[in-house]
Each structure stands twice: as C-alpha cells, then as structure tokens.
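In: Predicted model follows, preceded by the sequence.
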Amino acid sequence: MSAEEICIVMQRCNILFICGSVNQTTMMVEIARHLPDHTCRFTPHYADGLMEEAAQRGLLEWTIIGKRHRERARQVLTAHGCVIDECGSANDYDLVVTCSDLVVQRNIVGKPVILVQEGMTDPENAMYRTVVALGLPRYLASTSTFGLSHQYRYLCVASEGYREHFRRKGVPTSKIRVTGIPNFDNCDRFRSIPAQHSNYVLVATSDARETLKLENRRRTIEHARSIANGRMLVFKLHPNERVDRAKREIERWAPGSPVYHGCDINPLIAHCDALITKFSSCVYVGIALGKEVFSDFPVDELRRMCPIQNGGRSGAAIADVCREVMIEVAAPAFEPSMLEFRRAV
C-alpha cells in the first residue's frame, strides 16, 4: 500500500468519540478538533442491557451514564457544533476514542479503541483489591480500575508519573502513551482571568456521599478553617453534589463563606492562596500553578503525577496517536518505507 493510498483510506475514517462528564466531553471535542479530515461523531456515555435500563430509569445519576450527565454532554456538544450519534448506533466506526473503560460497550468490542485518561483515579482501597482479586465488574471499584479492561490499542496518559502508575497496575508499557491531557495541560492561562476575591483559601468539595462513600462534612469544613487561619474560605461545590444540603452545612460551620457551583473552578484556583481537595483532579491545576495544596492523596505523589504542561498541545498529541492507529488498521503489514511514512505522520 502506497503512502497516497494510506492517505485516501485515512480520509475516509469514521471516528466515534464516547464522552462523559463535562470535563471528559470537552476533552473529546478538543481531540477531534485536530482531526478535521475525518468524520467525527460524538455520543454521551452509555451502557448495555440492565445497566442501560437502570440508567434510563434514573437509578445511576451519580455516574456518567446517568441522564443528567448525558444531557450536559449533549449541551456541550451542541454548543461546539458537534454531530451526535446516540450510543454510536448510526454508523460502523473505524476508530473509537473513549474516556472510560469501566464498561466496554458491546458495539465497540473488537474495534480499534484509544482510551484517554481524564484526570485523577480513585485510591486503591479494599473494594479495588476485591474486584481485581475476584474478577468482579470493574465499575464496582469506580475509577480505581480505569485502564484495566485492556480492550484498547493505546492508553493516553497525563504524565510520566501516570505511565508508571498504570504500568504498576498491569497495563503493558507498550500500550501507554504520555501525551498530556486536554484541560490540564496549559494551566497558566487561568491566571489571565480576573479574580473575584483575594487572600482566600479555596475548598473544592467532593461528591463522596453522592457516590455512596463516607465523608464527615463538618470535619472537612473545620479542617479547612484551621488551614485558612483567619483567611477567607471560598467553596466550590462538586457538580454532582446536592447543592441545598452543601450550602446549609457551609453556612452552619463556616458562615458567610462564598459558595460557587455550576461554574469553572480553574480561575478560582489561579487566584487562591491555597487549595484544599479530597480526591479531585483539580488539585493538579493548583500544583501546576505553584499553589499550596492539601489533599487526601500524598502531595509528593501528586506532584510526581501532575499532568505535563505543554501549552495546550495534548489534544494534537492524542490526535497523532489516532492517526497512528488508523494507519495500523489500514496497512497492517508495512514495508520499511511505510514505517518511515508512519513516523512522519
């Protein structure tokens, strides 16, 4: 197959982007922006069988297959002018790019898949160890089992630290590509957004209770007050949280503190004195911007795993991995000259 023939094949590729949360969806849109010569279609996250039925009945609203997350994904996709193919049902796709493999949908099994890391994964707790040991469904351990389906050509990760993290968990090194990840690869740009407050400590709350985990919110707020040591506390609620309950708790134990929800947290991080999180990927924005950070994860480990800052080029880097896979599919047996072509592309 000649270089010209490979280019023709690649121009005909249909690519499905499986989205999720708002953050995951905007990442998919950014990757697709660098593949203008291909037919890109998008879908909110979805499942099969009983899990899909449960999602449609509103029983899985704390997950990315819940109706609320799907609607938010549709809104983002529509705002960016993306073509939506619900559940990837209208086309036979040559390549799939997805943000999660906790569930591998039946209609993508056997297709070339690229898995893209969104951000931080959950800690490897007792449930994680149980799921891995007994071979239980990965979604039972939440995002701690991200990457363990092994049903993908490549896993695109945030940093060298995450390459080692996933290698330790059993992902072959040959399947891991350090590309950086969109939305976390150019944090310095958030400094240019005007500040609404000064001399404050930002608390990024968690959705632990909404995702069936435990959290003592009073203890969390009192811990934040001790760190602030007289400085203003500003709270940014997790998108999944029950806003009414969270506001009542904050007003009770940190009265008068500003509370934000449904907005971008990154400008708040860019201008804070310190950032307090539990298990949130936004801690990486604080680290990249040189903020003092507090997390339930060891901070030294977070610094090692912080996404590379490449000036916003991660989407293009992941698109290059997509092209590489499309060439592999189009021309499985390369002549030496074709290998040189592949590297050039």
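Out: Here it is on my side, so go on.
In: Helices of the stretch 51-200 of the chain, residue ranges please.
Out: With DSSP state H, counting those that start in this stretch, the ranges of helices along the stretch 51-200 of the chain come out as 67-79, 126-134, 160-168.
In: could these go into TSV alongside mean pLDDT, distance to Y152 and mean neighbour count?
Out: Where you see a C-beta, it was placed from the backbone N, CA and C, and this is true even at glycine. Converted to TSV, the helices of the stretch 51-200 of the chain look like this (pLDDT from 0 to 100; distance: least, CB to CB, whole Å; neighbours: other CB atoms under 10 Å):
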stretch	mean pLDDT	distance to Y152	mean neighbour count
helix 67-79	96	21	17
helix 126-134	95	18	14
helix 160-168	97	12	17
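In: nearest to F184, of those?
Out: Among the helices of the stretch 51-200 of the chain, the nearest to F184 by CB to CB is helix 160-168 (11.1 Å).
In: Looks to me like L202 is in a helix.
Out: No - read with DSSP: H, G, I helix; E, B strand; the rest coil, L202 is strand and lies in no helix.
In: Leaving out the residues flanking it, which one is nearest to it?
Out: C272 (4.0 Å; CB to CB, 6 or more residues apart in numbering).
In: residue contacts, the one you found?
Out: Residues near C272 by CB atoms under 8 Å, 6 or more residues apart in numbering: Y200, V201, L202, V234, G286, K291.
In: and the fourth one, that one's in a strand?
Out: Yes - when three-state DSSP is applied, V234 is found to be in a strand.
In: got the contact list for T130?
Out: Counting by CB under 8 Å, 6+ apart, T130 touches L136, A141.
In: Check the spacing between it and P137 real quick.
Out: Separation of T130 from P137 (CB to CB, to the nearest Å): 11 Å.
In: Just the pLDDT for the nearest residue to R167 once chain neighbours are set aside.
Out: With sequence-adjacent residues excluded and distances taken as CB to CB, 6+ apart, R167 is closest to T173, at 5.4 Å. pLDDT, T173: 96.
In: quick one: which of the helices of the stretch 51-200 of the chain is nearest Q309?
Out: Among the helices of the stretch 51-200 of the chain, helix 160-168 sits nearest to Q309 (CB to CB), with 12.9 Å.
In: Within its local environment, how many residues does S21 see?
Out: 21 (other CB atoms under 10 Å).
In: before we move on, back to that, count of residues packed around the residue nearest to R167?
Out: Residues lying near T173 (other CB under 10 Å) number 9.
In: Using CSV, please lay out the helices of the stretch 51-200 of the chain together with distance to V259.
Out: As requested, these are arranged in CSV below (distance: least, CB to CB, whole Å):
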stretch, distance to V259
helix 67-79, 20
helix 126-134, 31
helix 160-168, 32
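In: Select, out of the ones you listed, the one closest to K213.
Out: Proximity to K213 (CB to CB) singles out helix 126-134 among the helices of the stretch 51-200 of the chain, at 9.8 Å.
In: any idea how far the closest one is from the chain center?
Out: Chain-centre distance of helix 126-134: 23 Å, with CA atoms, centre = their mean, to the nearest Å.
In: Ok, stretch 140-151 next?
Out: 13 Å.
In: mean confidence score for that stretch?
Out: In this model, stretch 140-151 carries a mean pLDDT of 94.
In: For it, list every residue counted as buried.
Out: Of the residues in stretch 140-151, those buried by neighbour count under the rule 16 or more other CB atoms under 10 Å are A141, S142, T143, S144, T145, F146, G147, L148, S149.
In: May I ask you to name the longest helix in the protein?
Out: Longest helix in the chain, counting residues (DSSP state H): helix 314-330.
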